[in-house]
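Colleague: Predicted model and sequence follow; I will ask about them next.
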Amino acid sequence: MLALLSCCAGPPSVEPFITREKAEYGDTYSFDLDISGDCSLGLYTRMERKPFAAYPSDSLDLGIRWISPADSSFLDHVVLSLSEPADSTYSARDYIFSYIDSVKVSEYGRWRLRIQVRNNPESIRGLGIILTYR
């Protein structure tokens with residue numbers, strides 16, 4: 001019985017990724033998150049470049065709107081440095097950022113995050129989140 005219960009547990013993390021082509025207005029990425037307990041939140045992205053071109057941006061400027069299950073909202077502003085990629089090839093760099101180590105919300109349930117990349121570099125391929133449950 002215990003083995004059956006353990007296989008029904010939720011995933012330890014959720015990592016959705018939205019490509020630039022599917023972003024709203026080309027710069028806004030929307031995520032629905034089930035925040036029903038202690039968790040951490042990270043962000044990840046990939047930057048690509050054409051041969052011999054430079055990566056155009058040294059940071060990502062993000063406006064993050066949190067929308068609660070009851071439709072109240074607040075806005076957070078985050079600037080993420082692109083100086084240290086997690087992985088790199090000649091034509092692409094992957095980045096992983098820690099955003100919130102311990103998410104504290106006013107109510108549990110389905111939260112929506114709308115993340116606008118304000119400086120929106122042409123090289124960005126998309127944006128993802130890493131929601132890790134504890």
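Modeller: That came in fine, so what should we check first?
Colleague: C-alpha only now, for contacts and for neighbours.
Modeller: Noted.
Colleague: Which residues belonging to stretch 11-24 are considered buried?
Modeller: Using 16 or more other Cα atoms under 10 Å as the test for burial, stretch 11-24 gives Val14, Phe17, Ile18, Arg20, Ala23.
Colleague: any low-confidence regions in this structure?
Modeller: The model of the chain has pLDDT under 70 over residues 1-10, 56-57.
Colleague: Next up, the contacts around Tyr55.
Modeller: Tyr55 is in contact with Met47, Glu48, Arg49, Ser123, counting by Cα atoms under 8 Å, 6 or more residues apart in numbering.
Colleague: same thing but at 7 Å, please
Modeller: Tyr55 makes contacts with Arg49, as judged by Cα atoms under 7 Å, 6 or more residues apart in numbering.
Colleague: Sketch out the strands for the chain, chain order is fine.
Modeller: For the chain, strands defined by DSSP state E occupy the ranges 13-14, 17-19, 28-35, 39-48, 59-67, 73-81, 87-88, 92-100, 109-117, 124-133.
Colleague: now the angle between strand 124-133 and the fourth one, please.
Modeller: Right, the one you point to is strand 39-48. Between strand 39-48 and strand 124-133, the angle comes out at 160 degrees (axes from the mean of the first three to the mean of the last three Cα atoms, to 10 degrees).
Colleague: Off-centre distance for strand 39-48?
Modeller: 4 Å (Cα atoms, centre = their mean, to the nearest Å).
Colleague: Given it, what are its sheet partners and their directions?
Modeller: strand 92-100 (antiparallel), strand 124-133 (antiparallel) (DSSP bridges).
Colleague: Of all these, which one comes closest to Ala70?
Modeller: Nearest to Ala70, of all those, is strand 124-133, at 20.6 Å by Cα to Cα.
Colleague: Of all the strands paired with strand 39-48, which one comes closest to Tyr108?
Modeller: Nearest of these (Cα to Cα): strand 124-133, 13.2 Å.
Colleague: roughly how far is that closest one from the heart of the chain?
Modeller: Centroid separation for strand 124-133 versus its chain: 3 Å, with Cα atoms, centre = their mean.
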